[in-house]
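In: Show me how the following folds:
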Amino acid sequence: MGSFHTRLSTNKSFEIQLELWDNNFARDFFEVKLNWTRKCDHAGPEFTLSVLKLFWLNIKIYDNRHWCNTKGRYV
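Out: As a prediction, the model looks like this:
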């Protein structure tokens, strides 16, 4: 159906995605997922919800920077 994203600060962004009746996004009949990544590209908290393959919702706040393993920091 669509997505919306906006920049919250210099390094942080917010994104919300919603898909209706799309089996390519919903993996199960019911899914609630909360994930938080760090020290990787686009790290941050992420929430996913899908119900009966009727809709798939994904919300995340992520870091715009990319993680450099050799330097051990964002670049």
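
In: Apart from its neighbours in sequence, what residue is nearest His66?
Out: Asp41 (4.7 Å; Cβ to Cβ, 6 or more residues apart in numbering). Every residue, glycine included, has its C-beta placed from N, CA and C.

In: Repeat that for Phe55.
Out: Leu20 (5.1 Å).

In: Repeat that for Val32.
Out: Leu49 (5.6 Å).

In: tell me the average confidence for the helix or strand the one you found falls within?
Out: Assigned by DSSP states H and E, Leu49 belongs to strand 45-51. Mean pLDDT, strand 45-51: 92.

In: For the residue nearest the centre of the chain, name its beta-bridge partners.
Out: Central residue of the chain (Cα atoms, centre = their mean): Lys60, 4.1 Å from the mean position. Beta-bridge partners recorded for Lys60 (DSSP bridges): Glu15, Glu46.

In: which residues sit in contact with the residue nearest to His66?
Out: 65-67 (Cβ atoms under 8 Å, 6 or more residues apart in numbering).

In: His42 in helix, strand or coil?
Out: coil (DSSP: H, G, I helix; E, B strand; the rest coil).

In: 488 is where my numbering starts, stick with that
Out: Okay, using 488 as the starting number, the last item reads as His529.

In: Look at it and say how many residues are nearby.
Out: Other residues within reach of His529, judged by other Cβ atoms under 10 Å, total 15.

In: Go ahead and name everything in contact with stretch 555-562.
Out: Residues contacting stretch 555-562 (Cβ under 8 Å, 6+ apart): 498, 550, 552-554.

In: rewinding a little: separate out the buried members of the contacts of Asp528.
Out: Trp554 (16 or more other Cβ atoms under 10 Å).

In: quick one: the helices in the protein?
Out: For the chain, no helices are identified by DSSP state H.

In: for the contacts of stretch 555-562, which one is nearest Lys520?
Out: Asp550 (19.4 Å; Cβ to Cβ).
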